[in-house]
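1. Pasting the sequence and the predicted coordinates here, then a few questions.
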Amino acid sequence: MHSSRVRLQLFVKALLLQNLRAIIDKWSPKLRETANVNSKSNEETDRQWLTLAQLPRFSLTKLAIILQTNNLQVADLFAIDNEQLQFIGFSDVQAQRLLSPDMYLLDKSTQWLCQPHNMLISVDSQLYPQPLLQTDKPPILLYGSGDMQLLNTHQLAIVGSRNPSAAGKQNAKYFAQGLSQSGWTVTSGLALGIDGLAHEGVLQANGKTIAVLGTGLNNIYPKRHNNMARRILDQSGALVSEFAPDTPARPENFPRRNRIISGMSLGTLIIEAAIKSGSLITARYAIEQNRDVFAVPGNIHNILSKGCHYLIKQGAKLVESVSDINEEYQHLALNFLNTQQNDLQKSARQSLASDKLLDSVEFETTPLDLVVERCGMPVAEVMSQLLEYELRGLVIAVPGGYLKLGEK
């Protein structure tokens, strides 16, 4: 919850950012033509935006204020000397960097833009994600590869633990597939664990997904997800980053990445998270951005459930199915009815399972001998039935036994 003062500050910043495109359209006639969203801007304009993005502690809000207050166009900023730049609102360090940018970084970024399917999404572009523009600290530009039209589709973020349990892995794919089938674009961070599984679930459902990186797009992180990144692009998805293409993995950049994930999305779903985790940082950003937060509950003894339970106590919506999320967005033109019917059909199929045997398996790892003891069935029959249930998605074999997945 925000205090009245914080809400007022956010409202004022939102008004400034809402007016930014009108300001740029009015005062920057040489900028990118937005009528054709597939065209690329000229090199000079790109270099101007790349230079602005280099400035330390320089925000989009500050740019809007400088342009509006001084009745300037963006190109004018590059024809002003150091003293004048400081007079209109730039710090000394910012003015120096504007006049003498890192040419190596500019050249590398320009070379990256020459490659097919790579684009610079500056704030003047119609492709810039509008939900992100309404947040407190949107980036001045985004580097994008793939289908940039996805940036302004209805997005739902999925994030969670990098070391999820077997149930968490199943839940990540289940929610990702169901949301994708409902018409959502699923957004996540390409990280190990829940993030990667969410992307994988969408790919398996032939849906659309956006991966927001905490590195440059030339440095996919983690490396083992290089193939997944290629598959996302092959399936008309998108890769996005606010960092220059060759930026390596740095710890401080991943929390910054998280605000983009939540900022582009209407809601954020947390699937397994410890109390101190990057997923809760994303949830905090979502709350500050006035976005919905959803959380999947878990076993009270599982440390990975603590973060979700904390969020639920703070007002996040507890969700057990995709329909629990979709019912919050009935005003959107998405394929919710199809997903609800799929949920009912799947539950009906699962209800055919033997309750006696299924009830003998817990939502935590249950040894085979304990399952046999509880259900009173011969070992061979239990193993045969468990194999059938595993194929149906009711249970999963894990080290030490079996784990119930529930009737999702």
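-> Cool, the structure landed.
2. Distance-wise, check residue 173 relative to residue 53.
-> 36 Å (CB to CB, to the nearest Å). All C-beta atoms are positioned from the backbone trio N, CA, C, and that covers glycine.
3. Could you do residue 141 as well?
-> 5 Å.
4. shared neighbours of those two, anything?
-> residue 242 (CB atoms under 8 Å, 6 or more residues apart in numbering).
5. Let me see the contact set for residue 294.
-> 267-270, 316-319, 324-325.
6. Now flag whichever of the residues you listed is closest to residue 202.
-> Proximity of the contacts of residue 294 to residue 202 was ranked by CB to CB; the top entry is residue 269 with 12.9 Å.
7. any idea how far the closest one is from residue 122?
-> 30 Å.
8. ok, the two, which is more surrounded?
-> Set side by side, residue 269 and residue 122 show more neighbours around residue 269, with 34 against 24, by other CB atoms under 10 Å.
9. The more buried one contacts residue 295, correct?
-> Yes - using CB atoms under 8 Å, residue 269 and residue 295 qualify as a contacting pair, with a distance of 7.4 Å.
10. residues shared between the contacts of the two?
-> residue 319.
11. Low-confidence stretches in the protein?
-> The chain contains residues with pLDDT under 70 at 1-41, 335-355, 406-408.
12. can I see the domain layout of it?
-> Domains of the chain are assigned by automatic domain parsing as 4-102, 150-337, 351-404.
13. Deepest in the core, which of those domains is it.
-> domain 150-337 (a mean of 21; mean count of other CB atoms under 10 Å).
14. Strands of the stretch 251-400 of the chain, residue ranges please.
-> Applying DSSP state E, counting those that start in this stretch to the stretch 251-400 of the chain gives strands spanning 267-271, 292-295, 317-318, 395-398.
15. got those strands as TSV, with distance to residue 375 columns?
-> Formatted as TSV, the strands of the stretch 251-400 of the chain follow (distance: least, CB to CB, whole Å):
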stretch	distance to residue 375
strand 267-271	30
strand 292-295	32
strand 317-318	30
strand 395-398	13
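16. mind checking which of those is nearest residue 186?
-> Nearest of the strands of the stretch 251-400 of the chain (CB to CB): strand 267-271, 9.2 Å.
17. just checking, what packs against the closest one?
-> strand 155-160, helix 166-181, helix 278-288, strand 292-295, helix 306-313 (3 or more CB pairs under 8 Å, 6 or more residues apart in numbering; DSSP states H and E).
18. Could you list the residues in contact with the first one?
-> Counting by CB under 8 Å, 6+ apart, strand 155-160 makes contact with 131, 168, 172, 175-176, 179, 184-189, 193-195, 198, 210, 258, 261-262, 264-273, 278-279, 282, 286, 325, all of which sit outside it.
19. Swap in 7 Å and give it another go.
-> 168, 172, 175-176, 179, 184-189, 193-195, 198, 210, 261-262, 264-273, 279, 282, 325 (CB atoms under 7 Å, 6 or more residues apart in numbering).
20. Also the last one?
-> Taking contacts as CB under 7 Å, 6+ apart, the residues outside helix 306-313 that touch it are 270, 272-275, 277, 279-280, 283, 293, 295-298, 318.
21. Of the residues you listed, which is the nearest to residue 214?
-> So of those, ranked by how close each gets to residue 214 (CB to CB), first place is residue 279, at 13.7 Å.
22. Once you drop chain neighbours, what's closest to that closest one?
-> residue 273 (3.8 Å; CB to CB, 6 or more residues apart in numbering).
23. so that neighbour touches residue 282, yeah?
-> No - between residue 273 and residue 282 there is no contact under CB atoms under 7 Å: 9.0 Å.
24. And the helices in the stretch 51-200 of the chain?
-> 60-70, 82-88, 92-99, 103-113, 130-133, 166-181, 194-204 (DSSP state H, counting those that start in this stretch).
25. Out of these, which is closest to residue 388?
-> helix 166-181 (17.0 Å).
26. And that closest one, what does it pack against?
-> strand 155-160, strand 185-188, helix 194-204, strand 267-271, helix 322-326, helix 336-350, strand 395-398 (3 or more CB pairs under 7 Å, 6 or more residues apart in numbering; DSSP states H and E).
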